[in-house]
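let's see this in three dimensions:
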Amino acid sequence: ISVSLDLRLPKKLEKEMKSHNKIPHFVSINKKMEENSQFKAKEMAELGCSYVPMATYSVSKLKKMKVVVDIHPPYTAMQKMMDITIRRLDGDSAELVASVSQGSRQNIVKRMTLDKSKMHELKNAKQSDQSEIGNPGEAPFLTCLSSNFMSLIVKLEKGTD
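Numbering: from 1, shown residues only. Reported below is the predicted structural model:
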C-alpha cells in the first residue's frame, strides 16, 4: 500500500515504458501533485494520518445550491450565522457538524452521523426526494434534497468542490 501512495512505478519499469512512449496516467498525476502541492500522501500515512474529505458551507450557500431545503426548529433562528461542516468518514458514512459563529467564537450546536444505511437511502433516492437528517431517536435537524446532497458528497470525495 505504501508504494501506491507514491503514485509512481519502479524506476526500471518507468524507464522501459518511457522508451516505448507509454506513460501511465497516474504517473503524470503524481508529477503534477509533486509540483503543485505540499501534501505528501506517503509521509502522512507513515505518521499515522489519513485523508478525510471535508468542507464547510454556510447554510445560506447550501440552500442556494439546493442541498438544504430547511433547518428545523429550534435551530431555525440561528441559520443565518450557521455553518455546516461535512466530513466523509470511512465505511460509507458521513458526519455533519453545525456550528454558529459570533465574532471570533464558534459554538457547535449539533453533531450528526449518517450511517451506512442512511447514506444508502440518500444515494438511492429519486431526483426530487427530500430526506430528513438528524441523529437516530432525535427530531430531525434539517431537510435536504437527497440527490443534491449525494452529489455534494461525491464532489467532496473527488476534491472537485
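
and the gap between the residue at the greatest distance from the centre of the chain and residue 13?
Going by Cα atoms, centre = their mean, the residue of the chain most distant from its centre is residue 19, 39.4 Å out. Distance, residue 19 to residue 13, by Cβ to Cβ, to the nearest Å: 11 Å. In this view, the C-beta of every residue, glycine as well, is placed from N, C-alpha and C.

kindly report the same for residue 156.
34 Å.

who's more crowded, these two?
Ranked by neighbour count (other Cβ atoms under 10 Å), residue 156 and residue 13 place residue 156 first, with 17 against 11.

residue contacts, that one?
53-55, 86, 88 (Cβ atoms under 8 Å, 6 or more residues apart in numbering).

for residue 128, same thing?
For residue 128, the contact set (Cβ under 8 Å, 6+ apart) comprises 145, 147.

hang on, it is in a strand, isn't it?
No - looking at residue 128 with DSSP: H, G, I helix; E, B strand; the rest coil, it is coil, so not inside a strand.

quick one, phi/psi of it?
Here is the backbone geometry of residue 128 (degrees, to the nearest 10): phi -100, psi 0.

elements contacting the host helix or strand of residue 60?
Following DSSP states H and E, one finds residue 60 within helix 59-64. Helix 59-64 is packed against strand 68-71, strand 82-89, with contacts defined by 3 or more Cβ pairs under 8 Å, 6 or more residues apart in numbering; DSSP states H and E.

all strands for the protein, in order.
Here the chain has its strands, by DSSP state E, at 54-58, 68-71, 82-89, 93-102, 105-114, 130-133, 142-145.

winner for burial among those?
strand 142-145 (a mean of 22; mean count of other Cβ atoms under 10 Å).

can you list the strands that it pairs with?
Sheet pairing here is set by DSSP bridges, and for strand 142-145 it gives strand 68-71 (antiparallel), strand 130-133 (antiparallel).

the strands of the chain: which one's closest to residue 24?
Of all the strands of the chain, it is strand 82-89 that lies closest to residue 24, at 26.6 Å by Cβ to Cβ.

residue contacts, the spatially closest residue to residue 122 that is not a sequence neighbour?
In space, and not counting its chain neighbours, residue 122 is closest to residue 146: 4.7 Å by Cβ to Cβ, 6 or more residues apart in numbering. By Cβ under 8 Å, 6+ apart, residue 146 lies in contact with 121-122, 125-126, 129-131.

one step back: and the contacts of residue 156 as TSV, adding distance to residue 31 and pLDDT?
TSV is the format used below for the contacts of residue 156 (distance: Cβ to Cβ, whole Å; pLDDT from 0 to 100):
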residue	distance to residue 31	pLDDT
53	23	83
54	26	90
55	26	93
86	31	96
88	27	90
